[in-house]
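Undergrad: sequence and predicted model, in that order:
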Amino acid sequence: MFNIKAVSCEHSEKIQALIDGKTKPLGALGDLESLAKQMAKIQLTASSFKSPKNNQHKLELNSPHLTIFAGDHGVASEGVSIAPSEVTSQMVANFAGGGAAINVFSQQLGWQLNIVDAGILHPASSTAVLDQRLGNITQAINQQEAMTQAQVEQGFIFAKKHIAELKSTGCNIVAFGEMGIGNTTIASAIMAAIMAIPASEAVGRGTGVSDDVVLKKQQVVEQALALHRDNLTNPQAILRCLGGFEVVQITAAMLAAAENRMLIVVDGFICTAAAMLAIELNTNVKGYMIFAHCSGEQGHKKMLQWLQVKPLLNLGLRLGEGTGAALALPIIQAAAAFYNEMASFADAEVTDVT
């Protein structure tokens with residue numbers, strides 16, 4: 001369903017030479033240099049270096065869009081969260097009204113914010129919320145499959161259309177956030193299934209639950225993994241058995257964004273679970289991903305290590321909503337700015353000390 005072209009390494013040496021030729025010691029801009037190189041590899045066209053007069057490819061960050069996908073989870077009724085499922089709909093209304101952290105950060109930093117109802121218990125009444133509903137709530141994953149294969153497939157269709165609409169505005173950088181009471185339990189189950197680790201290594205405190213609730217979450221994830229063990233054979237089956245309506249659409253949106261050669265800024269624990277599924281579905285998507293931050297959820301660091309990626313930020317965030325991805329935008333912009341605007345030793349007539 002997604003035709004993703006692998007990020008080319010054809011011009012890696014020339015890109016690196018351009019970065020090394022800037023007026024700085026080699027490697028002095030640290031992770032900004034590897035970030036700029038990744039962006040250049042994604043955006044570079046085959047003709048960019050053909051002419052000696054055109055040896056500098058300009059990085060572009062156009063119309064950054066951040067989409068929050070919201071969905072409710074049947075597993076919330078198992079007592080795995082401090083909040084009831086009704087809070088998902090209440091927070092969606094808060095997003096629509098501009099009162100959440102992600103609204104504040106998006107306005108401050110220049111993200112255009114989209115809110116998608118992927119399937120919440122009480123449908124949103126605001127026209128600011130896009131209707132991409134797959135149902136009202138998933139089934140409890142420790143009792144039955146979370147959703148049908150038809151719902152998974154419809155979620156992919158919705159997400160692909162959404163990304164096409166963003167692309168039509170000129171957008172070439174996207175990020176995703178999520179809202180859904182119980183979705184850290186879902187992400188933990190997905191993590192455990194993909195990494196083949198016990199629930200105790202995947203389950204964390206989510207919104208800040210007690211030790212008793214953490215134990216309950218572990219038990220629920222263990223039950224789910226045992227119930228679906230024979231079916232967890234591929235990413236779509238994992239989504240069907242363990243996923244959430246919002247996780248399905250984030251996974252597909254990441255794949256669609258890579259298909260359109262867009263930069264993908266990956267948020268925290270739940271979005272990284274979706275990223276893991278996307279990579280399992282098509283490994284080429286990973287080259288388009290920028291991992292924004294390491295969240296305070298205990299399993300997230302293990303996810304990032306397993307993926308062998310380094311996040312840009314580590315602020316102890318565990319809010320979700322795409323807040324970590326939003327905060328990474330100035331870092332990404334700085335990487336593009338130095339690559340585009342910083343003088344070379346030759347241009348500035350500075351002695352090359354490298």
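TA: It's in. Numbering: from 1, shown residues only.
Undergrad: list the buried residues in stretch 335-354.
TA: Within stretch 335-354, the residues scored as buried using 16 or more other CB atoms under 10 Å are Ala335, Ala336, Phe338, Tyr339, Met342, Ser344, Phe345. C-beta coordinates here come from the backbone N, C-alpha and C atoms, glycine included.
Undergrad: and the first one, how far from Glu297?
TA: Right, the one you point to is Ala335. 26 Å (CB to CB, to the nearest Å).
Undergrad: and Lys37, which helix or strand is it part of?
TA: Element membership of Lys37, judged by DSSP states H and E, is helix 31-43.
Undergrad: hmm, I typed the wrong one, I wanted Ala192.
TA: Using DSSP H and E, Ala192 sits in helix 183-195.
Undergrad: after that helix, next one along is what?
TA: Reading on from helix 183-195 to the C-terminus, the next helix or strand found by DSSP H and E is helix 199-202.
Undergrad: helices or strands up against that following helix?
TA: helix 183-195, helix 211-228, helix 298-307 (3 or more CB pairs under 8 Å, 6 or more residues apart in numbering; DSSP states H and E).
Undergrad: among the ones you listed, which is the most enclosed?
TA: Neighbour counts averaged per stretch over those are highest for helix 183-195, at a mean of 27; criterion: mean count of other CB atoms under 10 Å.
Undergrad: for that one, packing partners?
TA: Helix 183-195 packs on helix 199-202, helix 211-228, helix 235-242, helix 245-259, helix 269-281, helix 298-307, going by 3+ CB pairs under 8 Å, 6+ apart.
Undergrad: extract the C-alpha set from it and format it as PDB.
TA: This file holds the C-alpha atoms of helix 183-195, laid out as PDB (Å, rounded to 0.1, in the frame of the first residue of the first chain):
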ATOM      1  CA  ASN A 183      -2.800   4.100  25.400                       C
ATOM      2  CA  THR A 184       0.500   3.600  27.400                       C
ATOM      3  CA  THR A 185      -0.800   0.100  28.100                       C
ATOM      4  CA  ILE A 186      -1.400  -0.400  24.400                       C
ATOM      5  CA  ALA A 187       2.000   0.900  23.500                       C
ATOM      6  CA  SER A 188       3.600  -1.300  26.200                       C
ATOM      7  CA  ALA A 189       1.900  -4.400  24.700                       C
ATOM      8  CA  ILE A 190       3.100  -3.400  21.200                       C
ATOM      9  CA  MET A 191       6.600  -2.900  22.400                       C
ATOM     10  CA  ALA A 192       6.700  -6.200  24.200                       C
ATOM     11  CA  ALA A 193       5.300  -8.000  21.200                       C
ATOM     12  CA  ILE A 194       7.800  -6.500  18.700                       C
ATOM     13  CA  MET A 195      10.900  -6.700  21.000                       C
END
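Undergrad: helix/strand/coil for Gln311?
TA: For residue 311 the amino acid is Pro, not Gln. Reducing the assignment at Pro311 to three states with DSSP: H, G, I helix; E, B strand; the rest coil gives coil.
Undergrad: dump the residue contacts of it.
TA: Phe291, Ala292, His293, Cys294, Leu304 (CB atoms under 8 Å, 6 or more residues apart in numbering).
Undergrad: for it, give its distance to Val247.
TA: 20 Å.
Undergrad: just Ala256 next, same as before
TA: Plainly put, Ala256 is 15 Å away from Val247 if you go by CB to CB.
Undergrad: looking at these two, which one has more neighbours?
TA: When Ala256 is set against Val247 and neighbours are counted by other CB atoms under 10 Å, the residue ahead is Val247, at 30 against 27.
Undergrad: which residue packs closest to the more buried one, ignoring adjacent ones?
TA: Ala274 (5.2 Å; CB to CB, 6 or more residues apart in numbering).
Undergrad: what's the neighbour count on that neighbour?
TA: Ala274 is flanked by 29 other residues according to other CB under 10 Å.
Undergrad: again with the one 10 residues further on
TA: Burial of Asn284 is recorded as 18 neighbouring residues (other CB under 10 Å).
Undergrad: just put the helices and strands packed on helix 199-202 in CSV and tack on distance to Gly27 and mean pLDDT.
TA: Below are those laid out as CSV (distance: least, CB to CB, whole Å; pLDDT from 0 to 100):
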stretch, distance to Gly27, mean pLDDT
helix 183-195, 32, 97
helix 211-228, 41, 92
helix 298-307, 22, 96
